[in-house]
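J.: Could you look at this predicted model? Sequence included:
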Amino acid sequence: MLQEIWITRHGFREDWVTDNPHLPTNLKNDPPLSELGREQAQELGAFLKDKGIERVYSSPFYRVLQTVYPLIEETDVPLHLDNCMSEWYGAAYDRYLPPAPFEKLKELFPKLDLSHESSIPLPVGVETVSICHQRVRDGLETLLDELDKEPNGPSSILLAGHAASVICAVRALLGDETFPVRSGTASLSKFVRKDNGEGWELVMHGDCSHLSKGEQRAWMFSGDIPDYEKKKMEEGVDESPRIVEHHTHS
């Protein structure tokens, strides 16, 4: 039976430091990590490598996979994709901007295991804050139930996502949609199953002590349109997904 759940957010994004980020998946809505983010990923992996994590369930977006991949390379822990931890756009667009095809992600991250069927389908339409909470809650209920029923299933897993899905995951496990979650880049929260087996206890919350640069970009819901998307809209930036020319990262 599952006993521990670790939760992390992706590291610092490259599009936060440059207007023309390298795009490994050729999708404008799927930027990679910045130099700082890659450093955070290494530090996260170094911290978690001896913590007994037996599986990782990641958002299917490049920056999240890039964040957990140092841990995977170090430990060979199975790495799966699960849509419950995927990105949230709120009402900024009239449809959900998807990640790259899973087969493309497998090319970029060879250790990715595509045998796991996601707990829920990828979102397709507009997600309010309430719908995002519901999506993550439904997905986690399905995933955790499957893991508990699995013979010789894992006792410890890592969930990796984005600020919104991290916030919703912590709240779902606590049963409190108002809990003020700390969600800095590459931060860590940890839950342990309560002694009676009913519910989860939060024993580490948004911790960044493993990161040499400390907490960065902690974020919280501020309405149905993320604040960073509001800024793009005000500046007239078009973030519609599209294929772009591939440029070598310098």
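T.: Received, thanks. Residues are numbered from 1 along each chain as shown.
J.: okay, now Ala160: neighbour count?
T.: 26 (other CB atoms under 10 Å). Where you see a C-beta, it was placed from the backbone N, CA and C, and this is true even at glycine.
J.: Just confirm it is within a strand.
T.: Yes: counting by DSSP: H, G, I helix; E, B strand; the rest coil, Ala160 is part of a strand.
J.: could you show me where the strands are in this structure, in order?
T.: 4-9, 55-58, 79-81, 156-161, 188-193, 200-207 (DSSP state E).
J.: Just send the ones you listed back as JSON lines, with distance to Pro180 and mean pLDDT too.
T.: JSON lines is the format used below for the strands of the chain (distance: least, CB to CB, whole Å; pLDDT from 0 to 100):
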{"stretch": "strand 4-9", "distance to Pro180": "15", "mean pLDDT": "98"}
{"stretch": "strand 55-58", "distance to Pro180": "24", "mean pLDDT": "98"}
{"stretch": "strand 79-81", "distance to Pro180": "29", "mean pLDDT": "98"}
{"stretch": "strand 156-161", "distance to Pro180": "18", "mean pLDDT": "98"}
{"stretch": "strand 188-193", "distance to Pro180": "12", "mean pLDDT": "98"}
{"stretch": "strand 200-207", "distance to Pro180": "10", "mean pLDDT": "98"}
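J.: What count of nearby residues applies to Lys213?
T.: By other CB under 10 Å, 13 other residues sit near Lys213.
J.: sorry, that was for Asp19
T.: Neighbours of Asp19 (other CB under 10 Å): 6.
J.: Backbone torsions only: list them for the nearest residue in space to Val170 that is not next to it in sequence.
T.: The spatially closest residue to Val170, leaving aside those adjacent along the chain, is Val181, at 4.7 Å (CB to CB, 6 or more residues apart in numbering). Torsion angles at Val181 (phi, psi; degrees, to the nearest 10) stand at phi -80, psi 140.
J.: For Glu39, which of the strands of the chain is the nearest?
T.: Nearest to Glu39, of all the strands of the chain, is strand 4-9, at 14.7 Å by CB to CB.
J.: Which helix in this structure has the most residues?
T.: What stands out as the longest helix in the chain, according to DSSP state H, is helix 129-149.
J.: Please name every helix or strand in contact with that one.
T.: With contacts taken as 3 or more CB pairs under 8 Å, 6 or more residues apart in numbering; DSSP states H and E, helix 129-149 sits against helix 163-174.
J.: returning to that earlier point: could you dump the strands of the chain to CSV with distance to Tyr89?
T.: Formatted as CSV, these follow (distance: least, CB to CB, whole Å):
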stretch, distance to Tyr89
strand 4-9, 16
strand 55-58, 18
strand 79-81, 18
strand 156-161, 14
strand 188-193, 23
strand 200-207, 23
